[in-house]
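Novice: Fold the following for me, if possible:
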Amino acid sequence: MAATAHEILKSRDLNGESATLRYRIRGTADASDARDALIAAAPSTFEGKARQTTAASVEPITIDENNADACIWEGEVPYGLQNSTPPGTGDSLYNFDTGGGTQHVTQSLSTTARYPAGTAPDFKGAIGVTDDSVEGVDIIVPVYHFSETHYKADAAVTAGYKATLFALTGTVNIAEFRGFAAGEVLFLGASGSKRGDADWEITFRFAASPNVADLTVGDITGVAKKGWEYMWVRYADTEDTTAKAIVKRPASVHIEKVYNNGDFSGLAI
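Specialist: The predicted model follows:
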């Protein structure tokens, strides 16, 4: 008769992200036939986990070369998460988070109230003004962190390619990249490791910050700043005739380039 496999009573071993089903196989003296019967009997998925076919195994319990019906095998089929198969060369994985970043600002978007009404000085949005300085405050600003893991053939990861990754670290995209405009993406660097003799697993890390235009700082309008440029404000003493006081107000706005531009096509991703 043909080999058949039946699940053993209380065979199921479920442990977090993995599981194992155990079977008893009869009707063959051949290990390959026994394994084929095992895989045919085991479901392709179990409890949301995928059958790991290549890891299925059989062990002989009773073997009689002259009587296949008397042969007994025990088999195990492991199950894991649907994406548990290792990625191959050329595959890619993507991750992101929008946790934001911290920035020290000296200027508010707007002043919503001043007390005592009518007599409190108007600093035109300056924050934490003292007699000598503008102290400002630390705030959370939009920063989109994302990473990409790529599996590259060994021949592609040359010494020259590694040098390119090094040179591009700490640069800002000179052209559109992953849907972001030029100036919005900062390359934070890459880390890689070789998987045996086959290929390289390389993770590329980025941070994105939006370009802005038509900002208003105090009475100064039309300010434009790219995502990774640095903006600072110079303050000057000005008379507030309503409050009858000398106050510090924005006198000029300065946009500074602090990162070099980089051609991200050199990342080859």
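Novice: Look at the spatially closest residue to Ile269 that is not a sequence neighbour and tell me its secondary structure.
Specialist: Excluding the flanking residues, the one nearest Ile269 by Cβ to Cβ, 6 or more residues apart in numbering is His150, at 5.4 Å. All C-beta atoms are positioned from the backbone trio N, CA, C, and that covers glycine. Classification of His150 using DSSP: H, G, I helix; E, B strand; the rest coil returns strand.
Novice: Could you measure from His150 over to Glu201?
Specialist: 8 Å (Cβ to Cβ, to the nearest Å).
Novice: quick one, which of the two is more surrounded?
Specialist: Neighbours were counted for His150 and for Glu201 using other Cβ atoms under 10 Å; His150 has more, 23 against 18.
Novice: Would you enumerate the residues in contact with that one?
Specialist: Contacts for His150 were tallied using Cβ atoms under 8 Å, 6 or more residues apart in numbering; they are 91-92, 201-202, 204, 269.
Novice: can you pick the most crowded of those residues?
Specialist: Ile202 (23 neighbours).
Novice: Does that one touch Gly189 like I think?
Specialist: No - if you go by Cβ atoms under 8 Å, Ile202 and Gly189 don't touch, sitting 10.8 Å apart.
Novice: how about the strands of the stretch 1-150 of the chain, start to end?
Specialist: Under the criterion DSSP state E, counting those that start in this stretch, strands of the stretch 1-150 of the chain are mapped to 4-7, 13-15, 18-26, 45-46, 49-51, 57-62, 72-80, 92-97, 101-105, 137-141, 144-153.
Novice: Sheet partners, orientation included, of the shortest one?
Specialist: In the sheet containing strand 45-46, the strands it pairs with under DSSP bridges are strand 49-51 (antiparallel).
Novice: Please apply the same query to the first one.
Specialist: When pairing is defined by DSSP bridges, strand 4-7 lines up against strand 18-26 (antiparallel).
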